[in-house]
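Q: take a look and give me a structure for this.
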Amino acid sequence: MAAVARPTFVVNTPIRDLGEYRVLAKLAVALKRHGRVEMNISSLAEKARHEMPAGGSPWHEYAACNPTPARFFPDEMVAPFVPESFVKKNRELLLAKADILREHGLGAAFWSYEPNFLPEAFFAAYPALRGPRADHPRRSRQEEFAPCVDAPETREMTSRMVADLVRHVPELGTYFFKTNDAGPGLCWSDWQYTGANGPSTCRHRPMGQRVHDLLQSIIRGGKAGGADLTVHMTGNFSRSELAAIRSNLPTNSFIREGGSDSISIGSCADALYPVRGVLNVITVLQSLQRLKGRTKPTTVFVDLRSFYDRGYERLGASQKIIEIIDDFLAAPAFGHIAILERARAMCHKWVGPTHDAALFEIMVELHEALKYKNAALPRVSSIYGGVSLRYVTRPLLVLPERLTADEEGYFLPHVFNVSHERARLDYIDVHGTRQTPEWVTTDSNDPRIWAIDTLRARLNNIAGSLEKLIDAPDGTYWRKMATAVRVYANILRSCGNFFAVQIIRDRNAERFAGEKVAVKAQATSTGHPELAMLNEIMRDELDNASEMISLLQRDGLDVICHADGPEDEDTFLLGPDIVKHIDRKREIMRKHWLDAEAYFTTPNK
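A: Here you go, the predicted model:
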């Protein structure tokens with residue numbers, strides 16, 4: 001067996017509940033025998049509602065939960081522009097997490113966004129520090145600017161905040177951040193959403209030097225606070241920018257894109273969001289294969305968070321991911337056969353000799369089914385369709401323009417779109433772009449996506465097999481995983497149905513814009529083929545909604561990320577009343593069941 005260098009583990013999760021955080025910390029202790037273990041402490045106590053423009057703005061939801069030092073330990077230059085109560089709650093949560101880590105002898109890590117946009121009032125006070133516009137023009141109702149990191153004052157401000165952070169949490173070892181996406185931005189980067197932009201004073205500065213100076217400001221702040229931080233960054237860059245950045249990295253700083261100094265082990269809570277609790281053993285083992293031949297210390301990011309810090313992996317699945325890592329590092333083995341042998345061994349550990357063969361077959365089939373999803377349906381997204389377009393809870397109608405304000409009031413404010421009308425009328429406007437699966441043609445006679453049906457069948461077969469493990473050890477976990485798999489399949493089913501109905505709406509736009517047609521007394525047993533197809537799709541979605549309610553009632557809301565209270569529901573997080581909202585969806589669909597019949601010839605048998 002080949003040995004690997006002792007890594008640093010960084011467990012990243014945005015858990016707010018301190019009881020759950022303590023449980024996860026206790027689980028993470030198992031990895032201490034293999035290297036240093038750190039857990040992220042930077043999740044916000046609540047979203048930054050004060051940054052939301054009047055009337056809301058979809059793009060601002062991306063950044064509403066972004067942790068940055070300014071939201072915990074704001075510099076004196078920033079503090080007047082961040083609500084004191086907001087900072088207090090965030091700091092209390094961070095310090096409570098740090099106390100838990102001390103109890104278990106664990107280190108701390110800080111996940112951040114650099115340099116995150118700041119309020120306009122800050123730039124009114126310090127106009128020379130205004131950097132690039134960082135928001136997305138198709139997704140935002142208000143422009144936002146990040147501070148210019150080429151300005152020495154900005155870097156000094158960053159250093160002071162990091163130093164303050166380290167003084168409060170001297171166990172901090174890893175500082176990792178994202179840039180050029182979802183809130184932060186660098187001057188004159190090729191990847192700014194509005195195009196490369198920034199003040200003319202820094203346009204000439206090379207990107208490699210700009211990023212080097214930003215990284216140095218963080219490292220310098222760590223030293224001032226008493227810590228030698230390891231800094232990892234990720235973000236959106238062009239190839240030339242990446243090359244320039246990589247050749248100018250300060251000591252003990254790294255860029256994760258294509259780098260060899262870190263690996264990431266994700267969970268299905270991110271890939272299948274909003275579903276959580278699905279375990280893909282083989283993918284975890286494949287990620288660990290990247291440790292092969294590494295003689296230098298490596299950072300292993302164990303990422304248990306979901307999109308935009310809106311959710312996180314269930315503790316049961318997190319425990320099993322940690323067990324896989326622990327078992328692998330105790331006796332590393334590399335290669336395709338070794339992956340399968342180790343997966344079989346883990347199944348035996350979890351369910352014993354009576355059920356291990358069945359669980360192993362399930363894990364292989366789940367891995368293959370998710371590979372099929374990524375290959376055949378890369379643009380069919382459970383988060384961007386199911387959640388941010390609200391397919392899960394909104395009614396599927398032929399004529400959504402007929403909805404009253406009351407009927408659409410429970411879902412429409414959370415649909416991601418800067419245009420109220422497009423949010424109402426276009427089911428496939430995904431964050432400013434009409435998006436369809438790559439291989440689907442919109443002029444097909446039947447726009448339904450057959451690959452979704454194929455995938456659903458595979459996922460439901462997997463769920464059925466998992467349900468047979470109810471008598472195995474930890475049978476409740478496997479049953480809930482089965483429910484999670486079925487919920488994910490149902491969300492994909494909704495994605496296909498909404499797509500197909502929108503295509504039919506598009507090609508009948510003139511018909512629906514005109515007057516209702518008098519039904520002709522034609523001798524037709526089938527009626528108009530478009531009407532028949534619409535009826536099939538709508539009935540499928542109605543049945544899908546009923547199945548979803550049954551699934552969620554069976555296992556509560558454990559298997560799906562959702563807000564604890566209605567005030568936290570947003571475009572990326574379903575509300576606490578999911579079942580109630582799906583029931584409302586069914587009610588509205590039935591109310592509008594005959595809408596299409598006024599525009600198509602009906603069957604007469």
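Q: quick one: secondary structure of residue 54?
A: Here residue 54 is recorded as coil under DSSP: H, G, I helix; E, B strand; the rest coil.
Q: count of residues packed around it?
A: Applying other C-beta atoms under 10 Å, we find 7 residues neighbouring residue 54. All C-beta spots, glycine's among them, are computed from the backbone N, C-alpha and C.
Q: isn't residue 488 up against residue 382?
A: Yes: if you go by C-beta atoms under 8 Å, residue 488 and residue 382 touch, sitting 6.4 Å apart.
Q: between the two, which one's more packed in?
A: residue 488 (28 against 23).
Q: hang on, the earlier thing: spit out the residues that contact residue 488 and residue 382 alike.
A: Residues touching both residue 488 and residue 382 (C-beta atoms under 8 Å, 6 or more residues apart in numbering): 272, 275.
Q: just confirm residue 231 is within a strand.
A: Yes: counting by three-state DSSP, residue 231 is located in a strand.
Q: list the contacts of it.
A: Each residue near residue 231 by C-beta under 8 Å, 6+ apart is listed here: 174, 175, 176, 177, 215, 218, 219, 252, 253, 254.
Q: next, the last one: secondary structure please.
A: At residue 254, secondary structure determined by three-state DSSP is strand.
Q: and what of the second one?
A: Under three-state DSSP, residue 175 falls in the strand class.
Q: wait, it sits on residue 162?
A: Yes: taking C-beta under 8 Å as the contact criterion, residue 175 and residue 162 are neighbours in contact, 7.1 Å apart.
Q: identify the contacts common to those two.
A: Counting by C-beta under 8 Å, 6+ apart, the contacts common to residue 175 and residue 162 are 218, 222, 229.
Q: just the element for the second one, please.
A: Residue 222 is part of helix 207-225 when elements are defined by DSSP states H and E.
Q: sorry, back to before: put the buried members of the shared contacts of residue 175 and residue 162 into a ChimeraX selection.
A: In ChimeraX, this line selects whichever of these come out buried by 16 or more other C-beta atoms under 10 Å:
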select :218,222,229
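Q: closest one of the shared contacts of residue 175 and residue 162 to residue 436?
A: Nearest to residue 436 among those is residue 218, at 41.4 Å by C-beta to C-beta.
Q: ok, the closest one - contacts?
A: Neighbour list for residue 218: 114, 158, 159, 162, 175, 229, 231 [criterion: C-beta under 8 Å, 6+ apart].
Q: give me the distance between the fifth one and residue 109.
A: When you say that, I think you mean residue 175. To residue 109, residue 175 is 7 Å away according to C-beta to C-beta, to the nearest Å.
Q: got it, and residue 347?
A: 31 Å.
Q: who's in contact with stretch 504-512?
A: Residues outside stretch 504-512 that contact it (C-beta under 8 Å, 6+ apart) are 398, 399, 427, 442, 443, 447, 530, 533, 534, 537, 599, 600.
Q: show the buried residues in these.
A: Buried members of these, counted by 16+ other C-beta under 10 Å: 398, 427, 447, 530, 533, 534, 537, 599, 600.
Q: the third one contacts residue 499, doesn't it?
A: Translated: residue 447. Yes: counting by C-beta under 8 Å, residue 447 does reach residue 499; the two are 6.9 Å apart.
Q: what is the least confident helix or strand in the chain?
A: Here the helix or strand of the chain ranked lowest by mean pLDDT, DSSP states H and E is strand 433-434, holding a mean of 88.
Q: contacts for that strand next, please.
A: Strand 433-434 is contacted from outside by 138, 426, 428, using C-beta under 8 Å, 6+ apart.
Q: now rank these by neighbours and give me the top one.
A: Neighbour counts for the contacts of strand 433-434, by other C-beta under 10 Å, peak at residue 428, which reaches 20 neighbours.
Q: which element, helix or strand, includes the closest residue to that residue other than its chain neighbours?
A: Leaving out its chain neighbours, the residue that sits closest to residue 428 by C-beta to C-beta, 6 or more residues apart in numbering is residue 502, at 4.8 Å. Taking DSSP H and E as the definition, residue 502 sits inside helix 475-507.
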